[in-house]
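K.L.:
here you go, sequence then predicted model.
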Amino acid sequence: MAVLGPNRYGKAETRVVRVTRHGDAHRIKDLTVSTALSGDMTEVHLSGDNSAVLPTDTQKNTVFAFAKKHGVGAIEDFALLLARHFTDARPAIHHARVAIEEHAWERNGAFGHSFVRSGREVRTCVAHHDGTRSWVVSGLRDLVVLNTTNSEFWGFAKDEYTTLPETRDRVLATAVEAAWRHDEPPQDWDKSYENARGALLAAFADTYSLSLQQTLYAMGTRVLAECPEVCEVRLSLPNKHHFPVDLAPFGLDNDGEVFFAADRPYGLIEGTVLREDAPEPGPAWE
Ligand SMILES: O=c1[nH]c(=O)c2[nH]c(=O)[nH]c2[nH]1
């Protein structure tokens, strides 16, 4: 006999842009919001009784209505507002998960109404609420960084398939995907975000790297050192290989100046750095 296992449902990737007008000086918040609700959903799966189902269309509408009614500040605050609304409004909903990605825009010149999509990373968050407690993970993706030196990779294990030459000087590049969990919600999510981002960037730049794994640990450790409210950092770092091009056929010395930037395959280095006494994560990472 089959039984229904864990399930959730919601509207994925609602794209919402909220404009705030202060005279001629406008501001924009550009978000992708995904909601997922769970609770007493057995009957909808087993008998088709939809009475407990708040439609995904309604969830999408709520995102737009809340953007208008409450405005959009830090994405974590907006995610928590929505998660609490869905769990508080309907007894059949026991748990809400709201994930938000924020796409950055910059002013286009001195115009108050004109914007240019920024080359900055995407800021992310996931908020959970179960009717009583909340969990928030903040993060980012596509923070692309590159060091032209201070990176070596040698002394690695070798077998009959190893062809990689050891190197004492290489380009190290990655597109950082990071997420960090707070044991205490910060007073100011935006400030906490900038601190964590700054720590990731500083550690990438000033770590003399013997491997991307070592850099990953240094980056995670730096976030914990700079952000007391953070207890766990998860990092996913694609090794964006830059291979020196052999210019000898053209009678030229490369001298560490010309690289082939391969896009795939890429090494993928992933890891978690956490405080020894980090509390249990609950559903934070789900
Ligand atoms: O920093 C690195 N870590 C690895 O595990 C690895 N493997 C590889 O081929 N190049 C690298 N670089």
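P.N.:
Okay, I see it. Computed from a prediction, not measured in an experiment: that's the story for all the values here.

K.L.:
please count neighbours and contacts with C-alpha atoms only from this point.
P.N.:
Fine.

K.L.:
okay, now the sheet partners of the helix or strand where residue 16 lies, with direction.
P.N.:
Here residue 16, judged by DSSP states H and E, is contained in strand 14-22. Looking at strand 14-22 with DSSP bridges, its partner strands are strand 25-39 (antiparallel).

K.L.:
pLDDT on the partner strand, on average?
P.N.:
Here strand 25-39 scores 97 as its mean pLDDT.

K.L.:
what does it contact?
P.N.:
Residues outside strand 25-39 that contact it (Cα atoms under 8 Å, 6 or more residues apart in numbering): 7-21, 59, 63, 72, 86, 92-105, 111-113.

K.L.:
what residues does the strand holding residue 16 touch?
P.N.:
With Cα under 8 Å, 6+ apart as the test, strand 14-22 has contacts from 26-34, 60, 63-64, 67-68, 71-72.

K.L.:
so residue 88 belongs to a helix, correct?
P.N.:
Yes - assigned with DSSP: H, G, I helix; E, B strand; the rest coil, residue 88 falls within a helix.

K.L.:
how about the closest residue to it other than its chain neighbours, what does it touch?
P.N.:
Once flanking residues are discounted, residue 88 sits nearest to residue 131: 6.3 Å by Cα to Cα, 6 or more residues apart in numbering. Counting by Cα under 8 Å, 6+ apart, residue 131 touches 84, 87, 88, 94, 95.

K.L.:
what number of residues lie near residue 87?
P.N.:
Residues lying near residue 87 (other Cα atoms under 10 Å) number 23.

K.L.:
correction: the previous question concerned residue 61.
P.N.:
Neighbours of residue 61 using other Cα under 10 Å come to 14.

K.L.:
can you check residue 5 too?
P.N.:
Other residues near residue 5 come to 6 when the count uses other Cα under 10 Å.

K.L.:
pLDDT wise, what is the residue nearest to residue 88 at?
P.N.:
We note a pLDDT of 95 for residue 131 in this prediction.

K.L.:
what of residue 275?
P.N.:
Listed pLDDT for residue 275 reads 97.

K.L.:
quick check: it touching residue 229?
P.N.:
No - the pair residue 275 / residue 229 is not scored as a contact, 10.9 Å apart, by Cα atoms under 8 Å.

K.L.:
would you mind telling me which of the two has the busier surroundings?
P.N.:
Between residue 275 and residue 229, counted using other Cα under 10 Å, residue 229 has the larger neighbour count: 18 against 13.

K.L.:
could you pull up the contacting residues of the residue located most distally from the centre of the chain?
P.N.:
Centroid-distance maximum for the chain: residue 251 at 45.3 Å, with Cα atoms, centre = their mean. By Cα under 8 Å, 6+ apart, the contact set of residue 251 is empty.

K.L.:
per-residue pLDDT, it?
P.N.:
98.

K.L.:
returning to what we had before: the ligand: which of the contacts of residue 131 is nearest?
P.N.:
residue 95 (38.9 Å; Cα to the nearest ligand atom).

K.L.:
count the residues that sit near the residue nearest to that closest one when sequence neighbours are not counted.
P.N.:
Among residues not flanking residue 95 along the chain, residue 130 sits closest, at 4.4 Å (Cα to Cα, 6+ apart). Residues lying near residue 130 (other Cα under 10 Å) number 21.

K.L.:
how much space between the closest residue in space to residue 41 that isn't next to it in sequence and residue 98?
P.N.:
Of all residues beyond its chain neighbours, the one nearest residue 41 is residue 52 (6.7 Å), with distances taken as Cα to Cα, 6+ apart. Distance, residue 52 to residue 98, using Cα to Cα, to the nearest Å: 19 Å.

K.L.:
comparing these two, which residue is more hemmed in?
P.N.:
The neighbour comparison of residue 52 against residue 98 (other Cα under 10 Å) goes to residue 98, with 27 against 16.

K.L.:
the residue nearest to residue 95 reaches residue 91, doesn't it?
P.N.:
No - counting by Cα under 8 Å, residue 130 stays clear of residue 91, with 11.1 Å between them.

K.L.:
quick revisit: got a ChimeraX select line for the buried ones in the contacts of residue 131?
P.N.:
Buried residues within these, by 16 or more other Cα atoms under 10 Å, are selected in ChimeraX with:
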select :84,87,88,94,95
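
K.L.:
where's the dip in pLDDT among the contacts of residue 131?
P.N.:
Among the contacts of residue 131, residue 88 has the weakest pLDDT, 94.

K.L.:
I'm done for today, thanks for sticking with me.
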